[in-house]
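1. this one's structure only:
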C-alpha cells in the first residue's frame, strides 16, 4: 500500500522528538523509491492518456498516485527538518562532532554539520561583527558560576589566562578555574566540565 | 615554619588563602598531589569545597608514586604558590623530589608515620600538618636533626687527614643513615650537593673541637636513625584533620562531616588505627552530626526515637531527606544492605575468621548460627532488600543474642549511616568499600573477574577509554596503566559526590567490591587449604604464583585486603605456640607480564582492634640497600614493593635475617 513506509517514518519522527536516533537510512531509501515509482506511474499515465480527452478515470488515477507522493515528500521533509534542527543545536554546542553523535549522523548530515559549524562560528567571530562576543561558545543560557571544575582529557599545554597567569593543562588533572579562561577548550573537547 | 599543630590549622589555611590572593593582578593556584586512597580522596574533596567557596583556583594531580610527584613538579605552571600533598610524601624528604623555592610553600598532610624529620624541622618551605605539637612530641628528634643538619660538614671536615679509616667507617654509617632518611633516586648526588652547600654555609665554624662534635653528631644521628626505624604507623586520618580545620574556620557542613566520617572509617576498616582512637573520633562526629541536623527534625525528635535505623534502611527511604547522617551500630560484615546476609557474613574477614569458613565445619557453624537465630537459609540467601521485613527488624537483637555463642563478641561497632535520598541508606563502611573497589579495579582485574571487555568499556571505565583498551597491546604497558588508574581516581571522586555520583558510581563500586571480595576470600581459602603459607622464625610468607585471580591482586589495595584476611585467619587458627605475638605476614604475588613479584608485608596485632607498627617498610628498604636488590616502591607506603622475579628468593631469605 502506498504511504505505509512513510507513515512509519512519521511515527518515528514523532516518537523521537526528544532524543536523537541514528539516521534511518533504509526507511528513507524505501520512501524515496516509492516516490520515484509513483512519479513514474503518473507520468506514464499522462503520456498514454494525453492524446485522448481527459476522462474522470484519468483524474481518479492521478489523484490516487499524486496524494501519497505529496504526503511522502512532506513526511520526508518533516523528518529531515527535525534532524537538522537537532544538528544545529549540536553545532552550537560542540566545535567538532563528539564520537558518540558522529555515529548517529548520515554522511550528508556530517557535511551539513561541519558547514553549518563553520558558518556560525567563523563568520561572525572572524569579522568581529559582534566585537568581543564569541558566538561559538556553545553557551545559550547564562552561566551560573564564575569558577568551574574541569578535567583535562587531552594535553593542551600551557595557556595564559585573562589575569596573566599561566595554566598548564595536562592530561588527567582536575582544575578549578575561571570559566572564561577555558570555555573555548571545553567546546573543542579538550576539557570536560564536571559538576 | 616547618610544621603546624592542630590548633593552628586555620592559620595555615589562611596562609594558603593569602598566598592565592597575594598578587592583585595575577591569581595563583593551589596544586594538589593526591594519593589514591579513600582517605586522601575524602580530604581532597573537603579541601576542594573549602577552596571553591573562597574562589581559589586549584589543580589536582593524582599521583601513584614519588616519581610521579617528581616529574609533575618539574613541569608545574609558574603561577603555583602552594602545593598540598594529601596522604603522600610525608615519609620522604621532599627536597629530593621538588625543587624548593622561596615562592612556593609545600604543605604536607599525610597520615603515614613516622614523618620525615627534615620536612618537619629543617626545610622552611615545607609545612607538615600534624595533629600533635611536634615541638613537644619529638623534641629530642628535632634537636637531633637540626644538630646533624647544621654540623654535618664540620664533623667530617674537622678530622685531620690521619684519621682516614675512621672517616671511612663514618661514611658508611652516614650513607646508611641517609638511605633511611631519604631514599631519593639520586641520593648520592644529592648528598654531595648538600655537602657543598653546607660547606659554604657553615664553613666558618670549622674551628670547633672536632672530636667532641663528632661524638655528638653520631649520637644525634643515632636518634634520627632509631626514629626512622620504629616502623610505620598511621596518625589521625587526614580527612579528620581537614574537618578539624574546617571547624576552626566555622565552615563545617553535613557534606564535610560525611567525608570526614568516610575517611575515618576507611582507616578503621583497613586496620590502620586502633579501636580506641576510632571511638574517640566517632564520639566527636556523633556530636557534630547531631549539631548539623536540620532544626525541624530535632524539634520533632524523630531522629533519635526511631529504633533500628540501620535495619529499617530500605523502609526509611520513602522520606526524601537527603544527606541526614545518623550514628548507628554497624555490623562487622560488609555491605549487608546490598548483598545477601549469608554472602555478606561469609565474605567478611571478621566472621569468616572466627568461624573458620575455609573448612567444612566452619561453614556448618555459619549455617548453625543462622538456625539458632531462627533465620531460614533461603531467606539469608536473598538479596537483603528482598528479605522479609520481620526478619530485618529482629536481626540486630537476634544477632546480639546468638553471636557470642560463636565467639563473635564484637559483631557490632559504632558507625554512621547517611540517607542518600531516594537511593537508599548507605553506611560509611559501604562507601569505603565501594570507593576502594573503584580505585583498585584495573582492566586486567576486571577481566579476571569475568567482566567482558565491552562491558568494562561501557559500564565501568566510561566510553573514553575504549581506545585505550583497544590499543593496549601496542602501547607500552606503562601508558595504559596510568590511564586506567587516573580514570579510576576521578571516578572514585565522583562517587563521593552527593547521591553517589551522576551515574551512580557508588553502586557500581559496590557491585565491583562484592566480586573482588569474593575473589579475595576464594584466594585466601585456597591459600589456607593448600598450605601455601610458610612459617619462618620471624614471619610467615605466602607466595602466589598461579591462579585465575592473580591479576586482581596486583593492586596494592587488593593485596592488602588479602593480607588482612590472612592475618585474621592466622590470628584465630594459627599455631597456638605463637601465643600473643604480633603476626607478621609477607605476601608475594607474581605478575607474569613483567616477570616481577608484588610484595607486601603486614603486621597484625594479636588482638582485634589494636594496631602495631609495621616494620616491613624499614626492613624492605634495608634489604634492598644492603643486598643490592632493586626495588620499586608502589604507593606511598614503603611496605608495598615490586621486585624482580629472580630476586625474590634472596629477598625472602633476607627478610628472616633483618626481622629481629
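-> Noted; the coordinates are in hand. None of the values given here were measured: they were computed from a predicted structure. Numbering: from 1, shown residues only, chains lettered A, B, ... in the order given.
2. would you map out the domains in chain A?
-> A:4-125, A:147-193 (automatic domain parsing).
3. touching chain B at all, the longest one?
-> Yes - on the criterion CB under 8 Å from any CB of the partner chain, domain A:4-125 is in touch with chain B at A:99, A:100. Placement of C-beta: from N, CA and C, glycine included.
4. can I take it that residue A:151 is in a strand?
-> Yes - according to DSSP: H, G, I helix; E, B strand; the rest coil, residue A:151 belongs to a strand.
5. dig out what it forms beta bridges with.
-> residue A:174, residue A:192 (DSSP bridges).
6. C-terminal to the longest helix anywhere in chain A, what's the next element?
-> Longest helix in chain A by number of residues (criterion: DSSP state H): helix A:56-93. Downstream of helix A:56-93, the next assigned helix or strand under DSSP states H and E is helix A:99-102.
7. following that next one, which helix or strand shows up next?
-> helix A:107-118.
8. any idea of the mean pLDDT in that next one?
-> Here helix A:107-118 scores 86 as its mean pLDDT.
9. please apply the same query to stretch B:274-288.
-> 89.
10. if I pick the most centrally placed residue in chain A, what's in contact with it?
-> For chain A, residue A:87 is the residue whose C-alpha lies nearest the centre (CA atoms, centre = their mean; 1.9 Å). Residues near residue A:87 by CB atoms under 8 Å, 6 or more residues apart in numbering or on different chains: A:105, A:109, A:112, A:113, A:116.
11. just these now: which is nearest chain B?
-> Chain B has its nearest neighbour among the contacts of residue A:87 in residue A:105, at 17.0 Å by CB to the nearest CB.
12. and that closest one, how far from residue A:86?
-> 10 Å (CB to CB, to the nearest Å).
13. now do residue B:150
-> Counting by CB to CB, the separation of residue B:150 from residue A:86 is 72 Å.
14. same question for residue B:51.
-> From residue B:51 across to residue A:86, the span is 38 Å (CB to CB).
15. name the residue in the two with the higher neighbour count.
-> Set residue B:51 next to residue A:86 and count neighbours by other CB atoms under 10 Å in any protein chain shown: residue B:51 wins out with 22 against 18.
16. surely that one forms part of a helix?
-> Yes - assignment of residue B:51 by three-state DSSP places it within a helix.
17. quick one: it and residue B:30 touch, right?
-> Yes - assessed by CB atoms under 8 Å, residue B:51 is found in contact with residue B:30 at 6.4 Å.
18. joint contacts of the two?
-> B:57, B:58.
19. which SSE is residue 44 in?
-> Looking at chain A here, since you left the chain open. Element membership for residue A:44 (DSSP H and E) is helix A:25-49.
20. the chain in question should be chain B.
-> helix B:38-53.
21. which secondary element of chain A has the worst mean pLDDT?
-> Using mean pLDDT, DSSP states H and E, helix A:124-127 stands out as the lowest-scoring helix or strand of chain A, at a mean of 56.
22. count of neighbours near residue A:180?
-> For residue A:180, using other CB under 10 Å, the count is 14.
23. tell me which residues touch the nearest residue to it once chain neighbours are set aside, please.
-> Spatial nearest neighbour of residue A:180, chain neighbours left out: residue A:162 (6.2 Å); criterion: CB to CB, 6 or more residues apart in numbering or on different chains. Shown in contact with residue A:162 (CB under 8 Å, 6+ apart): A:178, A:180, A:181.
24. in helices, which of those residues fall?
-> Mapping these onto helices (DSSP H) picks out A:180, A:181.
25. closest one of the contacts of residue A:162 to chain B?
-> In terms of CB to the nearest CB, no member of the contacts of residue A:162 lies closer to chain B than residue A:178, at 7.0 Å.
26. checking residue B:55 next. Helix, strand or coil?
-> Following three-state DSSP, we place residue B:55 in the coil state.
27. need the contact list for it.
-> Counting by CB under 8 Å, 6+ apart, residue B:55 has contacts A:146, A:147.
28. distance of it relative to residue B:242?
-> To residue B:242, residue B:55 is 19 Å away according to CB to CB.
29. tell me which element residue B:283 falls in.
-> Here residue B:283 is assigned to helix B:275-292, by DSSP H and E.
30. got the contact list for that helix?
-> B:236-237, B:240, B:252-254, B:257, B:260-261, B:264, B:267-268, B:298, B:303, B:325-327, B:413-416, B:608-610.
31. quick one: which of these sit in strands?
-> B:325, B:326, B:327, B:413, B:414, B:415, B:416 (DSSP state E).
32. beta partners of the first one?
-> Under DSSP bridges, the beta-bridge partners of residue B:325 are residue B:418.
33. pretty sure it is touching residue B:258, no?
-> Yes - assessed by CB under 8 Å, residue B:325 is found in contact with residue B:258 at 5.8 Å.
34. quick check: neighbours shared by the two?
-> B:416, B:418.
35. for the stretch 301-450 of chain B, what are the low-confidence residue spans?
-> Applying pLDDT under 70 to the stretch 301-450 of chain B flags residues B:301-322, B:421-423.
36. can you show me the helices along the stretch 351-500 of chain B?
-> B:360-373, B:377-380, B:389-402, B:428-440, B:443-448, B:453-455, B:466-470, B:477-495 (DSSP state H, counting those that start in this stretch).
37. contacts made by the fourth one with the rest, please.
-> Think helix B:428-440. Residues contacting helix B:428-440 (CB under 8 Å, 6+ apart): B:36-38, B:41, B:258, B:261-262, B:264-266, B:269, B:330, B:334-335, B:337-338, B:415-418, B:488-489, B:491-492, B:495-496, B:505-510, B:512-513, B:516-517, B:555, B:557-558.
38. ok and the longest helix of chain A relative to helix A:107-118, angle-wise?
-> 50 degrees (axes from the mean of the first three to the mean of the last three CA atoms, to 10 degrees).
39. residues of helix A:56-93 that come out buried?
-> Using 16 or more other CB atoms under 10 Å in any protein chain shown as the test for burial, helix A:56-93 gives A:58, A:61-62, A:65, A:68-69, A:71-72, A:75-76, A:79-80, A:82-83, A:86-87, A:90-92.
40. repeat that for stretch B:633-653.
-> B:633-643, B:647-648, B:651-652.
41. low-confidence ranges in chain A?
-> In the predicted model, chain A carries pLDDT under 70 at residues A:95, A:121-141, A:195.
42. residue A:173 versus the closest residue to chain A within the stretch 351-500 of chain B, what's the distance?
-> Closest to chain A within the stretch 351-500 of chain B is residue B:486: 3.8 Å, counting by CB to the nearest CB. Separation of residue B:486 from residue A:173 (CB to CB): 9 Å.
43. need the overlap of contacts for these two.
-> residue B:62.
44. what's the burial count for residue B:100?
-> Residues within reach of residue B:100, counting by other CB under 10 Å, total 15.
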